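> quick check, what structure comes out for this input:
(2 chains)
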2 protein chains.
Amino acid sequence: MTAEIIAIGSELLTPHRTDTNSLFLTEQLNGLGVDVVYKTIVGDDRARLTETIALAWKRSSLVITIGGLGPTEDDLTRECAARALGKTMSQDDSLVGSIESRFRARGTKMPAINLRQAQRIDGAVALPNPKGTAPGQWFEQEGKILMLLPGPPRELYSMFLTACLPRLREILPMAAIRKRVLKIVGLTESGAEAIVAPIYTQYTNPVTTILAAPGEVQLHLKSFGADESDAEGQVAGLSARLEQALGDAIFSNDGASLEEAVGRMLASQKASLAAAESCTGGLLAQRITSIPGSSSYFLGSVVCYSNDWKTSWLDVAAALLQAQGAVSAPVAQALAEGICRRSGATYGIGITGVAGPAGGTPEKPVGLVYIGLAGPHGVDVQEKRYFGEREIIRWQATQTALDMVRRALMRQAQFAHPAP
Amino acid sequence: MTAEIIAIGSELLTPHRTDTNSLFLTEQLNGLGVDVVYKTIVGDDRARLTETIALAWKRSSLVITIGGLGPTEDDLTRECAARALGKTMSQDDSLVGSIESRFRARGTKMPAINLRQAQRIDGAVALPNPKGTAPGQWFEQEGKILMLLPGPPRELYSMFLTACLPRLREILPMAAIRKRVLKIVGLTESGAEAIVAPIYTQYTNPVTTILAAPGEVQLHLKSFGADESDAEGQVAGLSARLEQALGDAIFSNDGASLEEAVGRMLASQKASLAAAESCTGGLLAQRITSIPGSSSYFLGSVVCYSNDWKTSWLDVAAALLQAQGAVSAPVAQALAEGICRRSGATYGIGITGVAGPAGGTPEKPVGLVYIGLAGPHGVDVQEKRYFGEREIIRWQATQTALDMVRRALMRQAQFAHPAP
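Numbering: from 1, shown residues only, chains lettered A, B, ... in the order given. Take a look at the predicted model:
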């Protein structure tokens, strides 16, 4: 079975917004063994929308439309879908009742305009919308399915999961798909590819895709099996080989971000972390504290953007700043040691660099960053040269900093529990 | 003239990636007065891609394909476009030469596989690619245009701007479009709509669109004119009326973000800022320091995630924390005053709250945030209750904090230069 998704709304054809609901639907459909083969974005235009739905209905066995189910003149999906299917619509009184009661619960009366939302394509089943007024519709004919879903993501997600997924599971042949994401830090895409390609190219199942992001490489594994345990076995077999080949370059195999993986390690080792950030300007702290529960291991960060702060808050000697410059290995080390000593954290990170776009010199170009890590092992400093825009440079610096903490925690764990 | 964009590549039909190149192209085309009426995403599939291009060529006067111009078996765009147009292809020796010289400049020999990239549709013009090996193609027939552009954004952007835009400017009728974005803080979407709808609905030109994001509402104005000054006059006229009606709720009319607008005001008033962030965990500092040059007005931030830090780094009395709890108006005030005094900044912000998802109580629910601002005017504290996920709550808290600084700076400027 192949699917196609139609995202509807003139705002999705502006430079400011595009459809992203289809990513959620694609993930859900892939999980059922259904490939998405077309996505179309079309505006609130009667003729174009009707033509688009009619074409999709002709060529694909599963068609999902997103949006255009609101109560206004612009909301044309119901009408155009009916026309594309060659069906009529009628008012569904039970839908009128549920829309009315939704308004009543909020202490207001249903405006007459919302009656449009109670129009149902003849032969379609209405899909309840617990998070909004727009009901969805499910139309099935000769083994083909058309779903009309609302545009607001929380309405779409909840309707799909509660009303569509169970129906699809009943209809679709038993087959299972399992996915796993291996996340890698400290290798370039081609460096990772050189290690993993000799392994994954031996497999047609699972299928492996390699994706690169700043400071991170991801391997996406997808296996197809006769049932869940078959699919799980396929993905686990390849994953084990890749994990062994990549060794400590892998930081997660369950979707966790680097800040989440490091957070788990800190928590399990009952270690704490604090930071002194210059060029990353709080990005490291923001990433770490984006994880719920991070207060159990993260004490805080001093964003020391000025030299005065480096001296008065973190005890970096003014003479050192003078002699070496703020962007230097000794200052990164002093920041790491300063924050560690001042805060009493197990590990202290110090970051200083030139994020750009201005401020670079031939000796200290944009992208030069020093990262210090102080901890029970002593103190390390790494010198890095990153490329790209300011935000990419800052991101990569936090990626390296988190990876340094991760590797120190791994060494510490080995030291505490040496291999026999 | 209406346009349609086809983004090509199986990776764009996975849950992990979608086309965003079309946003750039839409902005460029809109700037020429051309509306984009369809976007299609299709995989590396010969039959589907040929059908998609053929349909687009039939119904739209300007068709742009993105991607599929690489040298591998998966790169089908040239071949499918030729088939859809009913044309043949031949090897273009001057393209062979330029691809070869690109490899030579990097010290390697062109692999034979790259010869595929020198295939040109008969009747098409090759578009040079200064940033990669894949040449683009431009095909024109009976007033219709098909462009084949490469997928990597930097190649696409540079090819479009240098090779396509000048050609389109020659072909398209003289008409100008002007856009302006008014950004609003401190009003909900419906609150802003109530103020601006009575004004902008009087105009069919400019067209006004209202967009909401967490903690911010944007008005996008787009005017069409016979020439640039006509279009500029149209957009300026409506903009002036909207700006007057919205008053100090508008923080920018030139695309600047709130952190950028506040940064400009701080710089022009030669004032400095420092922060003490608890629940926002560095997000405020990260936003402020994402602006190049922010070191001239931003001293730093203390991300004081633990109570100990609030006391030892920012002089918040332990007894106060004990009596009021860390999430309280007096603690927000003490944080603001503490950072202001300790750093010597003109303005000090203190933020404390419950970002969730855990940690809420009936008295102090998730989303409750206190924001203090200390400055020449004294100290204010705002109590806010935000809704949504952890990151949305944190974002809105930084939005309020920046807006408090902005309003204090506006009052300060009025005080320094009172109206006559």
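> my guess is residue A:218 meets residue A:210, correct?
Yes. Counting by CB atoms under 8 Å, residue A:218 does reach residue A:210; the two are 7.3 Å apart. (C-beta placed from N, C-alpha, C; glycine too.)
> below-threshold pLDDT in the stretch 151-300 of chain A: ranges please.
Counting by pLDDT under 70, the stretch 151-300 of chain A shows low-confidence ranges at A:174.
> now the helices: where do they sit in it?
A:153-159, A:165-171, A:189-200, A:228-246, A:258-268, A:283-289 (DSSP state H, counting those that start in this stretch).
> name the helices or strands packed onto the first one?
Identification of packing neighbours for helix A:153-159 by 3 or more CB pairs under 8 Å, 6 or more residues apart in numbering or on different chains; DSSP states H and E yields helix A:21-31, strand A:144-149.
> same thing but at 7 Å, please
helix A:21-31 (3 or more CB pairs under 7 Å, 6 or more residues apart in numbering or on different chains; DSSP states H and E).
> neighbours of residue A:228, how many?
Neighbours of residue A:228 under the rule other CB atoms under 10 Å in any protein chain shown: 13.
> any idea how far it is from residue B:418?
73 Å (CB to CB, to the nearest Å).
> and for residue A:356?
Taken as CB to CB, the span from residue A:356 to residue B:418 is 40 Å.
> among these two, which residue is more densely surrounded?
Neighbours were tallied for residue A:356 and for residue B:418 using other CB under 10 Å; the higher tally belongs to residue A:356 (21 against 7).
> now residue A:53: phi and psi?
phi -70, psi -40 (degrees, to the nearest 10).
> what ranges do the strands span in the stretch 251-400 of chain A?
A:273-277, A:298-304, A:347-353, A:368-375, A:378-385 (DSSP state E, counting those that start in this stretch).
> show the pLDDT at residue A:419.
Looking at residue A:419, its pLDDT reads 62.
> how about the longest helix anywhere in chain A, does it reach chain B?
For chain A, the helix with the greatest residue count under DSSP state H is helix A:390-416. Yes. Judged by CB under 7 Å from any CB of the partner chain, helix A:390-416 and chain B are in contact via A:390, A:391.
> name the helices or strands packed onto that helix?
helix A:258-268, helix A:283-289, strand A:347-353, strand A:368-375, strand A:378-385.
> direction included, what does the last one pair up with?
With DSSP bridges as the criterion, the sheet partners recorded for strand A:378-385 are strand A:368-375 (antiparallel).
> quick check: mean pLDDT of the partner strand?
98.
> just to revisit the earlier point, of the strands of the stretch 251-400 of chain A, flag the one that's most buried.
Of those, the one with the most neighbours on average (mean count of other CB atoms under 10 Å in any protein chain shown) is strand A:273-277, at a mean of 31.
> what residues does the stretch 151-300 of chain A put near chain B?
A:211, A:220, A:281-283, A:285-286, A:289-290, A:292, A:295, A:298-300.
> repeat that for 10 Å
Neighbours of chain B within the stretch 151-300 of chain A, by CB under 10 Å from any CB of the partner chain: A:179, A:181, A:209, A:211, A:218, A:220, A:222, A:272, A:274-300.
> averaged pLDDT, stretch A:6-20. What do you get?
Stretch A:6-20 comes out at a mean pLDDT of 91.
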